[in-house]
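[1] structure, please.
(one chain, ligands or ions: 1)
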Amino acid sequence: MAGADDWKTGTVLVRGGSKRSPYKETSEAIFLTSGFVYDSAAEAEARFAGTAPGYLYGRYANPTNTMLEERLSALEGGGVCRLTASGMAAVTAAIMCCVRAGDHVVAGRALFSSCRWVLETHLKRFGVHCDFVDATDIEAWRAAIRPDTRAIFIETPANPTLELTNIAAVAALAKAVGARVIVDNIFATPLVQRPFELGADIVVYSTTKHMDGQGRTLGGAVIGPADWVTGELDPFLRHTGPAMSPFVAWNVLKGLETMELRVARSIETAGRLFALARAHPAVARVLWPGDPDHPQAAIAASQMRGGGTLLAIDLRGGQPAAYAFLDALQVVDISNNLGDAKSLATHPATTTHRLLDPAVQAELGITPGLVRLSVGIEDPRDLEADVAQALAAAAAATAG
Ligand SMILES: *Cc1c(COP(=O)(O)O)cnc(C)c1O
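    Sure thing, here's the model as predicted:
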């Protein structure tokens, strides 16, 4: 019988980190409590001193959250996990705990828009400068990384264009100057991409996406080396307070139990919708990392197990075609969330990425015709029929 350390991913997702209370419940318990009590003043002193085990306060830790933290670090295959109230709280904490005034950061230019705001606008207030590079170009990374670069931020596949960054190659450049590599692994999920095996130091997640997977809760996670977590991240999280609610942690524990099944189904359907869209005359280009002809197929093959659950469909007719497509959808909803059991589609140029000026949008490949499709777990035949009729509507809008 394999011990917990040898469990395969599917077992970790269902059982990793689980601890039973004296009531022997089957499902993990939710400890909805902000505080904890002590049997004596001396015990309180010992717990605060760290010489006796036990919880102190909900902003620091909670038993339900501990189960999720342990499940996620087991899933990631290393590191220590801490939870946050949202994916952006995780991204912000990870970055802030790697830099100080005067430091330099390098990031890919195509990013989730709030990640870009933190790196471009927020860090400036503290005297930290971030340079943005074409993340598909390893020479651009080489040119931008300097001796004072302390952090590298990689989002791959990137939102919404699904461009890829070669994590191992960038990590090698970062190692040479002692910079920490932070990977936003949200689009790929830990099932498709394993950043630690590729040289990353820190991995961040929005549990809001595939981990909850059912569109219920907002949450985040940071996984990093033990010395950085206890030395840098823990003090930051304890004192600034972006704690995840235990109720949310419980939802994510339940979501993880089915994540492998959901993600496998979504990837398979994404492949079918990719083939349908690629063959359609209304489509100028469709990007999916599982495409053998993806411009970075070699990188996808070297670091991803499967193409992921998102497609970027660029419609020939520009914004009118994109709007006609979205408005015609009957099963798929128009929504900017992703990684949900429900298929969701969005128009990045006018929603999530609207604050970028048109020149930057063009540089990033966020064209007026681009639609991002997050593929859910509905019956693939219903999704094919829905996307096919919406593409026909886009074609009609273009012709008219
Ligand atoms: C959703 C997302 C985030 C932010 O997560 P929230 O839970 O919404 O705060 C960051 N990066 C990427 C790539 C995302 O998809």
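[2] residue of the stretch 151-300 of the chain closest to the ligand, please.
    Minimum separation of the stretch 151-300 of the chain from the ligand (Cβ to the nearest ligand atom) falls at Ser206, amounting to 3.0 Å. Quick note: C-beta positions are derived from backbone N, CA and C, even for glycine.
[3] with adjacent residues omitted, what lies nearest to whichever residue of the chain sits closest to the ligand?
    Sorted by distance to the ligand under Cβ to the nearest ligand atom, the residues of the chain start with Gly87, at 2.2 Å. Closest residue to Gly87 in three dimensions, ignoring its sequence neighbours and counting by Cβ to Cβ, 6 or more residues apart in numbering: Ser206, at 2.4 Å.
[4] check what pLDDT the residue nearest to Gly78 when sequence neighbours are not counted gets.
    Ranked by Cβ to Cβ, 6+ apart and with sequence neighbours excluded, the top spatial neighbour of Gly78 is Phe196, at 5.2 Å. What the model reports for Phe196 is a pLDDT of 98.
[5] next: Val387.
    pLDDT, the model's per-residue confidence, is 98 for Val387.
[6] mind listing the strands for the chain?
    Per DSSP state E, the chain has strands spanning 80-84, 104-108, 129-133, 149-155, 180-184, 202-206, 220-224, 283-287, 310-315, 333-334, 344-346, 370-374. These are given in chain order.
[7] so who does His280 touch?
    388, 391, 395 (Cβ atoms under 8 Å, 6 or more residues apart in numbering).
[8] repeat for Phe236
    Shown here is Phe236, whose contacts under the criterion Cβ under 8 Å, 6+ apart are 93, 96-97.
[9] show me those that map onto helices.
    When the contacts of Phe236 are checked against helices (DSSP state H), the matches are 93, 96.
[10] by mean pLDDT, which helix or strand of the chain comes out lowest?
    Least confident helix or strand, the chain: helix 358-364 with a mean of 89, by mean pLDDT, DSSP states H and E.
[11] what are the buried residues along it?
    Within helix 358-364, the residues that count as buried by 16 or more other Cβ atoms under 10 Å are 361, 364.
[12] before we move on, back to that, mind checking how far the residue nearest to Gly78 is from Arg262?
    Distance, Phe196 to Arg262, using Cβ to Cβ, to the nearest Å: 23 Å.
[13] just Tyr60 next, same as before
    In this structure, Tyr60 lies at 32 Å from Arg262, with Cβ to Cβ as the measure.
[14] of those two, which one has the most company?
    Looking at Tyr60 and Arg262 with other Cβ atoms under 10 Å, you find the greater number of neighbours at Arg262, namely 21 against 14.
[15] what does the model give that one for pLDDT?
    Taken from the predicted model, the pLDDT recorded for Arg262 is 98.
[16] so Thr165 touches Thr136, yeah?
    Yes - with contact defined as Cβ atoms under 8 Å, Thr165 reaches Thr136; the gap is 7.0 Å.
[17] so who does Glu197 touch?
    Gly77.
[18] typo on my end, Phe132
    When contacts are counted by Cβ under 8 Å, 6+ apart, Phe132 touches 106-109, 116, 119-120.
[19] which strand residues bridge it?
    Residues in a beta bridge with Phe132, per DSSP bridges, are Ala107.
[20] near the ligand, which residues of the chain?
    Where proximity means Cβ under 6 Å from any ligand atom, the interface of the chain facing the ligand comprises 86-88, 91, 112, 115, 155, 159, 184, 186-187, 206, 208-209, 218, 220.
[21] among those, which are located in helices?
    Applying DSSP H to the residues of the chain next to the ligand, the entries found in helices are 87-88, 91, 115.
[22] as TSV, those residues with neighbour count and distance to Glu384 would be great.
    Supplementary listing: those in TSV, determined by neighbours: other Cβ atoms under 10 Å; distance: Cβ to Cβ, whole Å:
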residue	neighbour count	distance to Glu384
Gly87	24	30
Met88	20	34
Val91	27	35
Cys115	24	33
